[in-house]
Structures are given as C-alpha cells and as structure tokens.
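S.K.: kindly generate the corresponding structure for this input.
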Amino acid sequence: MTYNLLSRHYIWKGVYDKVDKKHLDWENYRFPLINKTIKQFGSDIMCFQEMEYYIYKTFWCKQFPTNKYQSFYIQKHCPSNINIFSNDKLDGVGIFVNTERFDVLDELKINFGKEIVNHRSKYKLTTDWIQRVIARNTVALILKLYDKQTGRIYYISNTHLYWSPKYNDVKVLQTKILLNKLQHFKTENNASIILLGDLNSNFDSNVINLLNGESIDTISSPEFKYRRYGINNPLIDKNGIITNPFKLHNVYQQLPSSNNLSFTSFVTRFSDVLDHVFVSDDILVEKLLGEVDPAYCNRRDVDGFPNSQFPSDHIPLVVEISHK
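M.R.: I've put the predicted structure just below:
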C-alpha cells in the first residue's frame, strides 16, 4: 500500500475551506479514521507520505498496526529559510513491514538536496542547482526485504516528490537521484523492485515517462527550458539525456485509459492521479484497489476530501502481487 496521510499541518486556507471542520479535526476524526483505513487492508508492506514525526514517534513507530510490524522512517529537514514548524511537526516518509512475512536486510535513507551537496565535485553548482534542487527538503527511503515464503529479495522504494508544478524539472532530477541510489544499493540481478509514493506527477508528466523507460532530453524538454543544470554529471549524460536503468511498469497505467481511475488526490478545485506504484517486469499484478465510485464523488455533499469517509485528500493505493 501507498498512502499520503495529509499532515495536519498542511491544512492550507483556500484549499480546504469547504471541508466540514469536524472532518478536519485530527484527534477526534482524522487520526482514528486513518488508523481504521490502514488496518482494514492488512497490507504486508505499507508506505506512507506526509507522516508527521511527532505522531510517528508517539503512536506509529512500534506495534502499528499490530505487533507483527517493523517500521522505518526518514523525516524531512526544516528548510533554512523557513521556520514555520518545530522539528517534531515536520513530516517524512515511512515503510511498515510485516515481519512474519519479511526479514528486513538493509535500509537506505536519501535526502535529495543533500545528495547533490555531498557530491558537489561532480556537478557545476549553478543557481538552478542551488535554488531549485538543493533547497528542497524532499526525502526517500529504500528497504531491502527477504520474503520468507518464496526466498525472493525485494527492494521497496518510497518517496514524496516536491509538490509544485512550477518545479517539474526538479521532480525529474529527484527521480533520477532515486533511481541512481537504487541502482547502487541493489546487489542482486534477480531481485524485484517496487517503487511507489506520491510523485506529484500525472500520467502525462516527464517523471512518469522516465519511470516508464523513456529518456528525458533536458535540452529540448519544455520543463528544462531556461534551466542550467549542465551535462555530463551523475544525473544528466554528456548528451543532456536523463535515463532510467531499470525496466519498470506502472501497475495503475491501464486504469485511466479505461476510465477506471480518475484521481488519487481530490480537493475542492483539483483532482488528478498523483500517486503511483511501479514494479519490475518479473512481478505479476493480481489485484488492484480501484477508483472511488464516481456516483459517490458526484453527490452534492461531496466536494473534495477529507470528508466523513476519507480522512486524507489522497486515497490509498493497494496492490496484490505474485510472480510470473
């Protein structure tokens, strides 16, 4: 499962003004309903975004949803030019694993901005690198899992890419960083990959095109126009191209074409498919949790989420897999 929980500190004015205040109440409404939603699926691997650190360490880090689970977490750092939240209020991404099914063999935490800074000698740090990429506090988490039933190795990657549509170039670069880190972290040729999260990118985006195996030309792409990132660095090759080293497919890709997935995020004035699950070619998808009933969404009393039945502005995506 992948699920953006909507941090209680991101209830911005102008976005959730039409939501009934009782459905925004964290302690009495959203928090209990989130817990109920998570528990009812019983997923063996659960990936969360916008998971507030205080709530994680206080309620979720141990024995959630049951004592069979082990949790892993990376928190965003507070941007140097912003002092809105205390550190405990900042969110991050987490992966929860059913230890009856899996052994966790290794963990890799990634801060995209720091990844550039830590390898600055490999880049020509232009203003665009510094102000657009390094300044973002986006993070990712990768786990290496051993499946006790099948003996297979899985690499599970969870991230929440930067939100703004004005930074679509940054999302592509963040995705390439994640792919590079996964490539170096993965040591077995026959291991399976599941890469998922809130990618803040729809099916027509360069991020999804890259993950689907298409090359991104930073010289001709409109999203990179007027941007100076250079060439011949760890993310962009000598011809200005960004590539994906893996063969992955989006398990939800066929649903929009058949009008069976109109959104994964739904607020009053916006809805789109922003959450995705990519798997390696050896994985067979058995079942998917599909869309919210359109008849429900068209009701007069439903004007975006959260509401009485959905505690986040995102819906959970749940996938049941096996192997070819």
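S.K.: how many residues are close by V15?
M.R.: Around V15 sit 15 other residues, with neighbours defined as other C-beta atoms under 10 Å. (Each C-beta comes from the backbone N, C-alpha and C, glycine too.)
S.K.: which one is it nearest to, not counting chain neighbours?
M.R.: In space, not counting the residues next to it along the chain, V15 is nearest to V267; the distance is 5.6 Å by C-beta to C-beta, 6 or more residues apart in numbering.
S.K.: show me what contacts the one you found?
M.R.: Listed by C-beta atoms under 8 Å, 6 or more residues apart in numbering, the contact set of V267 reads 15-16, 304-305, 313.
S.K.: rerun at 10 Å
M.R.: Contacts here follow C-beta atoms under 10 Å, 6 or more residues apart in numbering; on that basis V267 touches 6, 12, 15-16, 18-19, 303-306, 313-314.
S.K.: and the gap between T2 and T264?
M.R.: T2 sits at a distance of 9 Å from T264 (criterion: C-beta to C-beta, to the nearest Å).
S.K.: who has more neighbours, these two?
M.R.: A direct count of neighbours by other C-beta under 10 Å for T2 and T264 places T2 higher, at 28 against 24.
S.K.: give the bridge partners for the more buried one, please.
M.R.: C47, L317 (DSSP bridges).
S.K.: any idea how far it lies from G230?
M.R.: 33 Å.
S.K.: for the spatially closest residue to Y167 that is not a sequence neighbour, the count of nearby residues, please.
M.R.: Sequence neighbours aside, R132 is the residue nearest to Y167 in space, at 6.4 Å (criterion: C-beta to C-beta, 6+ apart). Residue crowding around R132 was assessed by other C-beta under 10 Å; the count is 19.
S.K.: repeat for V93
M.R.: Here the count is done by other C-beta under 10 Å, and V93 has 28 residues near it.
S.K.: would you agree it falls within a strand?
M.R.: Yes: per DSSP: H, G, I helix; E, B strand; the rest coil, V93 lies within a strand segment.
S.K.: how close does it sit to D20?
M.R.: In this view, V93 and D20 are 28 Å apart by C-beta to C-beta.
S.K.: for E52, same thing?
M.R.: Shown here: E52 relative to D20, a distance of 22 Å by C-beta to C-beta.
S.K.: more crowded one of those two?
M.R.: Shown here are E52 and D20; by other C-beta under 10 Å, E52 has more neighbours (23 against 14).
S.K.: doesn't V93 make contact with the more buried one?
M.R.: No: counting by C-beta atoms under 10 Å, no contact exists between E52 and V93, whose distance comes to 11.5 Å.
S.K.: who touches both of these two?
M.R.: Shared contacts of E52 and V93, defined by C-beta under 10 Å, 6+ apart, are found at Q75.
S.K.: does the residue sitting nearest the centre point of the chain count as helix, strand or coil?
M.R.: The structure's the chain has its C-alpha centroid closest to G197; by C-alpha atoms, centre = their mean the separation is 2.1 Å. Following three-state DSSP, G197 is assigned to strand.
S.K.: could you do the one 10 residues further on as well?
M.R.: Remark: V207 carries the secondary structure label helix [criterion: three-state DSSP].
S.K.: from what I see, it and L161 are in contact.
M.R.: Yes: counting by C-beta under 10 Å, V207 touches L161, with 6.9 Å between them.
S.K.: joint contacts of those two?
M.R.: With C-beta under 10 Å, 6+ apart as the test, V207 and L161 both reach 168, 171-175, 199-201.
S.K.: could I get those as JSON lines with pLDDT and distance to V319?
M.R.: Output for these, formatted as JSON lines (pLDDT from 0 to 100; distance: C-beta to C-beta, whole Å):
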{"residue": "N168", "pLDDT": "98", "distance to V319": "26"}
{"residue": "K171", "pLDDT": "98", "distance to V319": "22"}
{"residue": "V172", "pLDDT": "98", "distance to V319": "24"}
{"residue": "L173", "pLDDT": "98", "distance to V319": "27"}
{"residue": "Q174", "pLDDT": "98", "distance to V319": "23"}
{"residue": "T175", "pLDDT": "98", "distance to V319": "20"}
{"residue": "L199", "pLDDT": "98", "distance to V319": "15"}
{"residue": "N200", "pLDDT": "98", "distance to V319": "20"}
{"residue": "S201", "pLDDT": "98", "distance to V319": "18"}
